[in-house]
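Enquirer: next come a sequence and a model predicted from it.
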Amino acid sequence: MQFIELLQSIMPMVLFYSAPLIFTALGGVFSERSGVVNIGLEGLMVMGAFSSIVFNLTFAETFGSLTPWLALLVGAIVAGVFSIMHAVAAVTFHANQVVSGVAINMMAVGLGIFLIHDWYGKGQTDSITQPFYTRSIPILSDIPIIGEMFFSGSYYTSYIAIIFAILSWFVIYKTSFGLRLRSVGEHPMAADTNGISVTRIRYIAVILSGLLAGLGGATYALTISLSFGGSTISGQGFMALAAVIFGKWHPLGAMGAAIFFGFAQALSVAGRNLPFLANVPNVYLVIAPYVLTILALAGFIGRAEAPKANGEPYIKGSR
Amino acid sequence: MKKNRLMLILALLLAAVMVLGACGTSNGDDNDQDTNDTDTEQTEGAGDDTEDKADFSLAMVTDEGGVDDRSFNQSAWEGIQAFGAEHGLERNAGYDYAQSDNAADFLPNLNLLVQQDYDLIFGVGFALKDAIEEVAGNFPETNFGIIDEVAEGDNVASITFAEEQGSFLVGVAAALKTETNQVGFIGGVESELIKRFETGFYAGVKAVDPNIEVRVDYAESFSDDAMGRSIANNMYSNGIDVIYHAAGGVGLGVFSEARNRVENDPDANVWVIGVDRDQYEEGQQGDHNVTLTSMVKRVDVAVQEVAAMQLAGNFPGGEQIVFGLEDDAIAVADTNTEAFTDEIAAAVQEWQQKILNGEIVIPQTDDELEEYLESLN
């Protein structure tokens, strides 16, 4: 019974922590499934967080309680546009995808902070007045045990993230677009021979990853930090990248990995309160999520097989 | 497969680089310069009237936070600007700052300012300790000041603050505010400095009512706001209703958790106590404000004081000066009059007087805290 109570208390935390990671990891899945490595997820998250906060601060009075939703959309679109840069460099110009991704990361943080300086005259924005709030879902939250665990005190964005993961699974595995996406990532030449435009598919995939990473960054900013500064997004994009690999490039796997990260983190906080862990030094609980991740990566999931053509630019006619 | 591993290693390396890089990327100098130039033009006019130009110059090197970090560096810079205005100095010709984007900038920045013949150079933040010691050793003619750390050298003044005093007072406020008799403390990374916040707060709470429980948690970070959010959620869920944070950016997560609770239940009794500066703005939620009070650290006051000492010819080289309540360098914010009631304010005032009179000595370490708690019984 105590275990259930513990789960009930940490589940909302798990969901809120995981949501940004799920969105971003899904972006990573789309991009990498098409054969484009996207290390720029972190930078795209920064753009999402930055633009959603700026939008929120500027239009909070105009749109009222609708603001966070619109800000979410704006964050996704801006990051989507930003990701075109990666697509142009990596797909059209066959540039090294890792380098181009790193460039995105550096540019996003620099640009974000420069513009914040320019517009607000300080290194960090004020807190927004219209963030997302946790809500209980009517009816569903009345179900005993499960209702309390999953449907009360969570953000709508968390549920949207999970729905997106299922949608992504459907798109990648059950639609013809998904089949093309995967074939382009596995064997672009074969796909090209069959009349699939490798360039077009990869562009779509990279822009999708930008949109999703932007959603992730905006979600983080609108639910957790409520402001934007140089350290708002610090490492979450790379956590999401790890979730992609951990989840074996599968959307549901990536979601599972993201939730696992959230779970480990929430447990390390809640664990401090449990009587049987009272004598464990704090530092062990804090590193627990990372140790668990390494163990899981090393032991439980076995070989993580990347899409075959991942990271290789496709040059028409070359063998 | 081999490639994947390589990628992963690369990704992790990059993650480390980005995390470290994100800690302090404030690249807005150009813009800054513009606004500050107009500032100095105004002060120039004022300076001409007074005809009180001092033959003295001072400068500071920021840490990674940058000069407009709404905290430490900004406060120090404001102190320098105020000092400059008071003594008819002009920017670039009497006072200036050098921005450090990362730890590698500390030494070059300090050397640059020494070569520009500044008489007094401040290093803002404990991170500059080594750099200050090295440069101070090389240039014994120039005076240096370091904030929040004690550095060696006859030409270095170490400026620290009596955080335990302010923390004690906000502890008193927390003890009077709590209805559940449970309060919490969230620290950044455990260190001598943050320990003073913790023990001061602990002692303050217990001084009012020894039965109040104080839960202490460390986030092991100064920037992970999600961690702050998680800890705050856990604390509030377990009945704690007042949280004092001394954890920089982690505190943002504490504020967002408290705001979220108030939004869902306007009657929720949750409060946050801010740190370093008045964090009233962070706590605004609709018409309500969750910031009970803040432990304010006036770096600007300390900087001006030390500069004035040098001007008067008695620079405290090789000494450690502790700024506290008696210098008005530590204060308790009373912006949120609705939450920070007259009753609480009066009690805080009373304890403050006791501290000033030397009736109580506030513990700064775990051992001292233990002794203190025993003396309460």
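Expert: Structure's in. What do you need?

Enquirer: show me what residue of the stretch 101-250 of chain A gets nearest to chain B.
Expert: A:His117 (2.8 Å; CB to the nearest CB). From N, CA and C alone the C-beta is placed, and that goes for glycine too.

Enquirer: for that residue, pull up the helix or strand it's in.
Expert: Using DSSP states H and E, A:His117 sits in helix A:97-120.

Enquirer: any buried residues in that helix, and which?
Expert: Within helix A:97-120, the residues that qualify as buried are A:97-98, A:100-117, A:120, counting by 16 or more other CB atoms under 10 Å in any protein chain shown.

Enquirer: how about stretch B:144-152: buried residues?
Expert: B:Phe144, B:Gly145, B:Ile146, B:Ile147, B:Asp148, B:Glu149, B:Ala151.

Enquirer: quick one: the fifth one from B:Gly171, how far?
Expert: This means B:Asp148. Here the criterion is CB to CB, to the nearest Å. By it, B:Asp148 lies 21 Å from B:Gly171.

Enquirer: any residue of the helix or strand where B:Tyr372 lies up close to chain A?
Expert: For B:Tyr372, the enclosing helix or strand under DSSP H and E is helix B:366-376. No - judged by CB under 8 Å from any CB of the partner chain, helix B:366-376 and chain A are separated, with a smallest distance of 14.2 Å.

Enquirer: low pLDDT regions in the chain?
Expert: Picking chain A for this. Across chain A, residues meeting the criterion (pLDDT under 70) sit at A:1-2, A:278, A:299-304, A:319.

Enquirer: hm, I was asking about chain B
Expert: Residue ranges of chain B with pLDDT under 70: B:1-54.

Enquirer: so which residues of it form strands?
Expert: Taking DSSP state E as the criterion, chain B carries its strands at B:58-61, B:95-98, B:120-123, B:143-147, B:156-161, B:182-187, B:213-218, B:242-246, B:271-276, B:284-285, B:288-289, B:291-297, B:320-323, B:330-332.

Enquirer: now those strands in CSV, with distance to chain A?
Expert: Listed next are these as CSV, based on distance: least, CB to the nearest CB, whole Å:
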stretch, distance to chain A
strand B:58-61, 16
strand B:95-98, 14
strand B:120-123, 19
strand B:143-147, 18
strand B:156-161, 22
strand B:182-187, 10
strand B:213-218, 6
strand B:242-246, 13
strand B:271-276, 12
strand B:284-285, 7
strand B:288-289, 12
strand B:291-297, 11
strand B:320-323, 25
strand B:330-332, 22
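
Enquirer: same list (the ones you listed) but as CSV, adding distance to B:Ala347.
Expert: Below are the strands of chain B laid out as CSV (distance: least, CB to CB, whole Å):
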stretch, distance to B:Ala347
strand B:58-61, 37
strand B:95-98, 40
strand B:120-123, 36
strand B:143-147, 31
strand B:156-161, 23
strand B:182-187, 15
strand B:213-218, 18
strand B:242-246, 14
strand B:271-276, 15
strand B:284-285, 25
strand B:288-289, 20
strand B:291-297, 12
strand B:320-323, 24
strand B:330-332, 11
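
Enquirer: who wins for proximity to A:Ile53 among the ones you listed?
Expert: Nearest of the strands of chain B to A:Ile53, taken as CB to CB: strand B:284-285 at 15.8 Å.

Enquirer: who touches that closest one?
Expert: Residues outside strand B:284-285 that contact it (CB atoms under 8 Å, 6 or more residues apart in numbering or on different chains): A:Ser127, A:Thr129, B:Ala258, B:Arg259, B:Val262, B:Glu263, B:Thr291.

Enquirer: in helices only, show me the residues you listed.
Expert: B:Ala258, B:Arg259, B:Val262, B:Glu263 (DSSP state H).
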